[in-house]
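Novice: can't give you the sequence, but here's the structure:
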């Protein structure tokens, strides 16, 4: 019987219970994803070798050499499950061997160390291996090949729930991701890019959207090119594994700080993309590393050393000219990320990005940048989201839609939606469900006013508001107070006074009869 998705999900999640008490729950994902990849790779390798032996009549040795994936003997499941001592050390060697034989995986599997016995004893690792041995992950034994990727996405969501605020570092709620994808509408053959990719969920959702379109697939492969960059090493490794388990073997995912050192370069210039989709860290401070690593120190009047706050407007010098609309302040990187995305968009490109609400109305330098973006007519739309959607903050956020090639009808206008009151309430996190997403997309695509929900606002009106995009300035969601019928109220009061007089009269009569 083929392994079904619900069985696969519960089986994989149970592996987390084996780790409880040994390591911090926020680290569960690093160990479990590594073992999941190892088991999956082993099973599909064995499946391919057996098929080659059967079809070609070749020896096992020849079939192993002809297999697509270079899988070294010291990393194979049969060998590892027979080890009784220093199992973690042997697992570390296995992952290092896989990276050595497959350079595209360099740094992906060895970020997690199984050999630290202070964290994981041989008994715990033995239990994990035994648990992963329960099911075969060969293609022939799965209900469908894509369920492994679906199960991986499920695990990422579960681990984000378990990790609390730390979950926001690698996971964006699925409803938000689906919403942005449906707003920017990626197309077959396009280049899709996420400069703060986390675990890669936005890129995968964009690819899945393309797969449903005409010419969206070439054979079994989705007709798209995926690119991403991630600063956090362990999160980047999760993203790489996520792509592999979804069969996106050609995705170009780079490590590093996108703002300081963007990695996708062509002919010494930034690579350009058709669609950009991202959820950058909210209001990241001290975002320009060169300015922070060379902070000047002076003595104050008491002779104590004092660091001199870097002046970003003079110290941020970008060789790619990304910050042409202004240098964002040291305490808020939001509009630095946005300008990076604009810089890497093709002339007909679109971007969808999650930013904190403050970017809509904060003044000073950010106000000047926002004004410049609006005057350049780059802002196609703003969607105000409900609060408590994200793991790392309870504040509401907004989606900015950037379009370098607006239609004539869209020019000098901004579509604004207030979706803050449409969500499923949860104990810790609220959710955007499919009906909430569709309501937003239908209104946005319709491009006409929806009372108390959406307006298409002329740039002239935004200019009158000093280029402030605070949604409440443009969409009034308050309900009118009910009209009060003064005459009816006066009559009600008179009736009540009459009733009170009658009651007083009766009470007085009763007291008199009692001699009081």
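Specialist: Sure, I can see it. None of the values given here were measured: they were computed from a predicted structure.

Novice: My guess is residue 276 contacts residue 341. True?
Specialist: Yes: between residue 276 and residue 341 there is a contact under C-beta atoms under 8 Å: 4.5 Å. Bear in mind the C-beta positions are built from the backbone N, C-alpha and C, glycine included.

Novice: Quick check: neighbours shared by those two?
Specialist: Counting by C-beta atoms under 8 Å, 6 or more residues apart in numbering, the residues touching both residue 276 and residue 341 are 195, 351, 353, 402.

Novice: so which helix or strand takes in residue 276?
Specialist: Per DSSP states H and E: residue 276 is located in strand 273-278.

Novice: Give me the helices and strands touching that strand, please.
Specialist: helix 174-184, strand 191-194, helix 201-211, helix 334-343, strand 345-356 (3 or more C-beta pairs under 8 Å, 6 or more residues apart in numbering; DSSP states H and E).

Novice: Could you take these and lay them out as a markdown table, with extra columns for mean neighbour count, distance to residue 161 and mean pLDDT?
Specialist: Formatted as a markdown table, the helices and strands packed on strand 273-278 follow (neighbours: other C-beta atoms under 10 Å; distance: least, C-beta to C-beta, whole Å; pLDDT from 0 to 100):
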| stretch | mean neighbour count | distance to residue 161 | mean pLDDT |
| --- | --- | --- | --- |
| helix 174-184 | 22 | 12 | 96 |
| strand 191-194 | 26 | 22 | 98 |
| helix 201-211 | 23 | 14 | 95 |
| helix 334-343 | 23 | 26 | 98 |
| strand 345-356 | 20 | 19 | 97 |
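
Novice: For residue 318, which of those is the nearest?
Specialist: Minimum separation from residue 318 across those (C-beta to C-beta) falls at helix 334-343, 9.0 Å.

Novice: Now do the helices in the stretch 1-150 of the chain.
Specialist: Per DSSP state H, counting those that start in this stretch, the stretch 1-150 of the chain carries helices over the ranges 5-19, 28-56, 60-66, 77-80, 87-101, 122-132, 147-163.

Novice: Mean pLDDT lowest where, among those?
Specialist: The weakest mean pLDDT among the helices of the stretch 1-150 of the chain belongs to helix 147-163, with a mean of 80.

Novice: in that one, what's buried?
Specialist: Within helix 147-163, the residues that count as buried by 16 or more other C-beta atoms under 10 Å are 147-149, 151-160, 162-163.

Novice: Closest to residue 407 out of the residues you listed?
Specialist: Residue 407 has its nearest neighbour among the buried residues of helix 147-163 in residue 153, at 34.2 Å by C-beta to C-beta.

Novice: List the contacts of that closest one.
Specialist: The contact partners of residue 153, by C-beta under 8 Å, 6+ apart, come to 174, 201, 204, 242.

Novice: how about 7 Å then?
Specialist: residue 201 (C-beta atoms under 7 Å, 6 or more residues apart in numbering).

Novice: for residue 299, same thing?
Specialist: residue 305.

Novice: State the phi and psi torsions of it.
Specialist: Dihedral angles phi and psi of residue 299 (degrees, to the nearest 10) take the values phi -90, psi 130.

Novice: What's opposite it in the beta bridge?
Specialist: residue 305 (DSSP bridges).

Novice: distance of it from residue 150?
Specialist: Distance, residue 299 to residue 150, by C-beta to C-beta, to the nearest Å: 60 Å.

Novice: now residue 36
Specialist: Noted for residue 36: a distance of 13 Å to residue 150, by C-beta to C-beta.

Novice: what does residue 210 give?
Specialist: Here the distance between residue 210 and residue 150 works out to 17 Å (C-beta to C-beta).

Novice: I figured residue 108 hits residue 242, correct?
Specialist: No: taking C-beta atoms under 7 Å as the definition, residue 108 is not a contact partner of residue 242, at 10.7 Å.

Novice: picking that back up, helix 201-211 and the strand holding residue 276, what's the angle between them?
Specialist: Per axes from the mean of the first three to the mean of the last three C-alpha atoms, to 10 degrees, the angle that strand 273-278 makes with helix 201-211 is 130 degrees.

Novice: Following element in sequence after strand 273-278, please.
Specialist: Next along from strand 273-278, by DSSP H and E: helix 289-293.

Novice: contacts for that next one?
Specialist: By C-beta under 7 Å, 6+ apart, helix 289-293 touches 257, 260, 286, 310, 312, 315-316.

Novice: roughly how far is that helix from the heart of the chain?
Specialist: Here the centre of helix 289-293 is set off from its chain's centre by 27 Å, with C-alpha atoms, centre = their mean, to the nearest Å.

Novice: for that helix, which positions count as buried?
Specialist: In helix 289-293, counting by 16+ other C-beta under 10 Å, buried: residue 291.

Novice: Likewise for stretch 382-401?
Specialist: In stretch 382-401, counting by 16+ other C-beta under 10 Å, buried: 382-386, 388-393, 396-401.

Novice: got the end-to-end distance for it?
Specialist: For stretch 382-401, the separation between the terminal residues is 6 Å (C-alpha to C-alpha, to the nearest Å).

Novice: for stretch 138-155, same thing?
Specialist: In stretch 138-155, first residue to last residue: 19 Å (C-alpha to C-alpha).

Novice: Give me the spatial nearest neighbour of residue 5, chain neighbours excluded.
Specialist: Leaving aside its sequence neighbours, residue 5 sits nearest to residue 147 (C-beta to C-beta, 6 or more residues apart in numbering; 4.6 Å).

Novice: and the gap between the one you found and residue 8?
Specialist: 6 Å.

Novice: Would you tell me what helix or strand residue 415 is located in?
Specialist: Element membership for residue 415 (DSSP H and E) is strand 413-418.

Novice: Would you mind listing the buried residues in the helix or strand following that strand?
Specialist: Later in the chain than strand 413-418, the nearest helix or strand by DSSP H and E is helix 434-446. Residues of helix 434-446 classed as buried: 436-437, 439-441, 443-444 (neighbour count, 16+ other C-beta under 10 Å).

Novice: before we move on, what about stretch 80-90?
Specialist: Buried residues in stretch 80-90 (16+ other C-beta under 10 Å): 80, 83, 87-90.

Novice: Any chance of CSV for those, columns distance to residue 42?
Specialist: Compiled in CSV, the buried residues of stretch 80-90 are given as follows (distance: C-beta to C-beta, whole Å):
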residue, distance to residue 42
80, 9
83, 15
87, 16
88, 18
89, 19
90, 14
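
Novice: out of these, who's nearest residue 118?
Specialist: Distance to residue 118, by C-beta to C-beta, is smallest for residue 88 among the buried residues of stretch 80-90, at 10.6 Å.

Novice: The closest one and residue 120 touch, don't they?
Specialist: Yes: Residue 88 is within contact range of residue 120, at 5.6 Å (criterion: C-beta under 7 Å).

Novice: Mind listing the shared neighbours of these two?
Specialist: With C-beta under 7 Å, 6+ apart, residue 88 and residue 120 have common neighbours residue 114.

Novice: Rebuild the helices of the stretch 1-150 of the chain as JSON lines, extending it with distance to residue 485.
Specialist: Formatted as JSON lines, those follow (distance: least, C-beta to C-beta, whole Å):
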{"stretch": "helix 5-19", "distance to residue 485": "58"}
{"stretch": "helix 28-56", "distance to residue 485": "62"}
{"stretch": "helix 60-66", "distance to residue 485": "88"}
{"stretch": "helix 77-80", "distance to residue 485": "80"}
{"stretch": "helix 87-101", "distance to residue 485": "77"}
{"stretch": "helix 122-132", "distance to residue 485": "71"}
{"stretch": "helix 147-163", "distance to residue 485": "52"}
